[in-house]
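[1] This is the structure alone, sequence omitted:
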């Protein structure tokens, strides 16, 4: 008999109730139960950072959490960023600076930086690079991502 | 599904968690999940029962008791990193935390989880060894204190019994005027270090070294406290000559080898990092003495 539980998780402001196996990861819950496939799954052991989402307002690896651990919690994914179909300043800066090529790592990077820029509205390049250590990108060489982040921070401070 | 099937338990109190551990075979305690979850996703770990401590609020705390810092086992690494009191009263811990994984893993990862996982290079294990921490275990039979030296019994193996959980840790703070340092070498930022070295140094009134403590990770299954080297520094004039001699001895300590890193290279890093740690700790002790 599979060990299951009924859970209610608020994802991007909307409450979802499901019966899930307790061993289901948060990443698979988002993708397979809620069809929110913006959260990507890369290494599935916490190294690549592609599955990074916000849980209770802080960034976390969705592959290293169980869906049942999110009972009653607020989860925010990359799908929430472009309100009304318009790219937010961080996403727009990524497009403008070619901060992505294949785009596989991008959702995790955007969620990491969403948290980071709240804590560091005026970051140095070194701080941006440190913030990015937990996300692997094999296309860009990071240079364009760093440039996009610094520009996004500037735009979000109103200095565009 | 990545992990093998298990029965999930989410107790709300330490007593409930201890009851579960006492009555279930092949149970594992889940803390922040930044080590156990990867092991379960790989099916290296296949517990029949998972006892999740994330809803046990009483295990998450940060308290100062006299000259000691008491940390609950479920206290998140990020809470320690961002605590202004930790930064002021135990800057060594903050310096070490900057090397622990990444912001996403520190958000979830806990102090106790890192100690129980007991990676040979883990920064928080190193700091606990340097400060001579005492670990507090809880079980249905009650609580017991374990000195760090008796906690790490083998490679990634603690002296906790299967029915016990780690509830918290008491870390004696370095005395006033001590200089600290935590340095490591890893292939990438956030990786477990190949070798890490932490140090504390205090001066006497004449400006000589009154006491020195060193902890080296990455040489053996647990951090090494080289007592002979620590002792040899006492009474010495702080400076390149004394630190070079101590570092040379650190480079002669036994060191393990694995498929990636040889004994010789670990010994080389032990020498270089011991020198850097002593130099930095000494400079900071000097600033405190003069400031």
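    On my side now, so go ahead. Remember, it's a predicted structure, so these values are computed and weren't measured experimentally.
[2] Every contact and neighbour count from this point should use C-alpha atoms.
    Fine.
[3] Pick out the residue nearest the middle of chain B.
    Nearest residue to the geometric centre of chain B (C-alpha atoms, centre = their mean): residue B:125, 1.7 Å.
[4] So which residues make contact with the helix or strand containing that one?
    Following DSSP states H and E, one finds residue B:125 within helix B:123-131. With contacts defined as C-alpha atoms under 8 Å, 6 or more residues apart in numbering or on different chains, helix B:123-131 is touched by B:92-93, B:96-97, B:99-100, B:111, B:114-115, B:118-119, B:148-149, B:171-174, B:196-199, B:213-217, B:222-223, B:225.
[5] Try it again at 7 Å.
    Contact with helix B:123-131 is made by B:93, B:96, B:100, B:114-115, B:118, B:148, B:171-173, B:213-215, B:217, B:223, as judged by C-alpha atoms under 7 Å, 6 or more residues apart in numbering or on different chains.
[6] Return the residues in contact with residue 10.
    Unless you meant another one, I'm taking chain A. A:16, A:73-75.
[7] wait, I meant chain B there
    So residue B:10 contacts B:51-53, B:55 (C-alpha under 7 Å, 6+ apart).
[8] which of those are buried?
    B:51-53 (16 or more other C-alpha atoms under 10 Å in any protein chain shown).
[9] Save these as TSV, and put in distance to chain A too.
    Compiled in TSV, these are given as follows (distance: C-alpha to the nearest C-alpha, whole Å):
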residue	distance to chain A
B:51	12
B:52	9
B:53	10
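[10] coming back round to it: just the closest of the contacts of helix B:123-131 to residue B:276, please.
    Nearest to residue B:276 among the contacts of helix B:123-131 is residue B:214, at 11.7 Å by C-alpha to C-alpha.
[11] Quick check: bridge partners of the closest one?
    Beta-bridge partners recorded for residue B:214 (DSSP bridges): residue B:199.
[12] Does it touch residue B:183 like I think?
    No. With contact defined as C-alpha atoms under 7 Å, residue B:214 and residue B:183 do not form a contacting pair (11.4 Å).
[13] Name the residue in these two with the higher neighbour count.
    residue B:214 (28 against 21; other C-alpha atoms under 10 Å in any protein chain shown).
[14] Doesn't residue A:16 belong to a strand?
    Yes. Assessed with DSSP: H, G, I helix; E, B strand; the rest coil, residue A:16 lies in a strand.
[15] how near is it to residue A:138?
    34 Å (C-alpha to C-alpha, to the nearest Å).
[16] Quick check: which element contains residue B:95?
    helix B:91-97.
[17] Centre of the chain to that helix, how far?
    Relative to its chain's centre, helix B:91-97 lies at 10 Å (C-alpha atoms, centre = their mean, to the nearest Å).
[18] Got the domain ranges for the chain?
    By default, I'm working from chain A. A:4-80, A:83-156 (automatic domain parsing).
[19] Actually, chain B is the one I wanted.
    B:7-52, B:57-172, B:179-290.
[20] For the residue lying closest to residue A:30 once chain neighbours are set aside, what is the enclosing helix or strand?
    Among residues not flanking residue A:30 along the chain, residue A:36 sits closest, at 5.3 Å (C-alpha to C-alpha, 6 or more residues apart in numbering or on different chains). Following DSSP H and E, there is no helix or strand that holds residue A:36.
[21] so how far is residue A:29 from residue A:36?
    9 Å.
[22] for chain A, what are the nearby residues on chain B?
    Chain B has residues B:1, B:3, B:5, B:7-8, B:33-34, B:37-38, B:41, B:102-105, B:107-108, B:189 near chain A, with proximity defined as C-alpha under 7 Å from any C-alpha of the partner chain.
[23] Find the helix or strand that residue A:7 is a member of.
    Counting by DSSP H and E, residue A:7 is found in strand A:4-11.
[24] Tell me where the stretch 151-291 of chain B has strands.
    B:152-154, B:157-158, B:165-172, B:179-185, B:195-203, B:209-217 (DSSP state E, counting those that start in this stretch).
[25] for the second one, the distance to its chain's centre please.
    Once both centres are worked out by C-alpha atoms, centre = their mean, strand B:157-158 turns out to sit 13 Å from its chain's centre.
[26] so what strands line up beside that strand?
    Partners of strand B:157-158 in its sheet, by DSSP bridges: strand B:152-154 (antiparallel).
[27] Also the fourth one?
    With DSSP bridges as the criterion, the sheet partners recorded for strand B:179-185 are strand B:195-203 (antiparallel).
[28] Direction-wise, compare the partner strand with strand B:209-217 and give the angle.
    170 degrees (axes from the mean of the first three to the mean of the last three C-alpha atoms, to 10 degrees).
[29] one step back: so in that sheet, which strands flank the strand holding residue A:7, and in what orientation?
    Partner strands and pairing direction for strand A:4-11 (DSSP bridges) are strand A:14-21 (antiparallel), strand A:74-76 (parallel).
[30] Let me know whether residue A:49 touches residue A:107 as I believe.
    No. Contact between residue A:49 and residue A:107 fails when scored by C-alpha under 7 Å: they sit 9.1 Å apart.
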